[in-house]
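K.L.:
Build me a structure from this.
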Amino acid sequence: MDLARAGELELLVSPGILEERARVWQYPKLQRRHRMTSRELGAFLKDFTEFATAVPGESRIGIIKADPDDDKYLACAVEGAAAFIISGDRHLTDLKMFQGI
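P.N.:
Residues are numbered from 1 along each chain as shown. Now for the predicted structure:
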């Protein structure tokens, strides 16, 4: 995220990704990690949307059978013509390459 803020990479998001981030960052495990109050988290998410590039998130991919919800990251990457996806999610990292990304 710091690299995106500094303009060293472009962060792509879609409505589905933003919804998931807002929900997931509320999980107790992640709250312990990021140590933000609900108000701070809200401000962070607002900031996040201000420096990210939004794509429609309308493409339907259907590649990740083990967790179809992760397809939204591939769709976002394709719609935004991404060069790469940064993720620790094994469903995405196991792909190695998808449509040149």
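
K.L.:
how near is the residue nearest the centre of the chain to Thr37?
P.N.:
The residue lying closest to the centre of the chain (Cα atoms, centre = their mean) is Ile17, at 5.1 Å. Counting by Cβ to Cβ, to the nearest Å, the gap between Ile17 and Thr37 amounts to 23 Å. Placement of C-beta: from N, CA and C, glycine included.

K.L.:
follow-up on the earlier one: can you name every helix or strand that the strand or helix carrying the residue nearest to the centre of the chain contacts?
P.N.:
Assessed by DSSP states H and E, Ile17 sits inside helix 15-24. Other elements packing on helix 15-24 under the criterion 3 or more Cβ pairs under 8 Å, 6 or more residues apart in numbering; DSSP states H and E are helix 38-51, helix 71-79.

K.L.:
Ranking those by mean neighbour count, which comes first?
P.N.:
With neighbours taken as mean count of other Cβ atoms under 10 Å, those reach their highest mean count in helix 71-79, at a mean of 21.

K.L.:
How far off centre is it?
P.N.:
Computed by Cα atoms, centre = their mean, to the nearest Å, the chain-centroid distance of helix 71-79 equals 9 Å.

K.L.:
packing partners for that helix?
P.N.:
When contacts are defined as 3+ Cβ pairs under 8 Å, 6+ apart, helix 71-79 packs onto strand 12-13, helix 15-24.

K.L.:
So what touches the longest one?
P.N.:
This points to helix 15-24. With Cβ atoms under 8 Å, 6 or more residues apart in numbering as the test, helix 15-24 has contacts from 13, 30, 45, 48-49, 54, 56-57, 69, 72-73, 76.

K.L.:
That's all I had, so thanks and see you.
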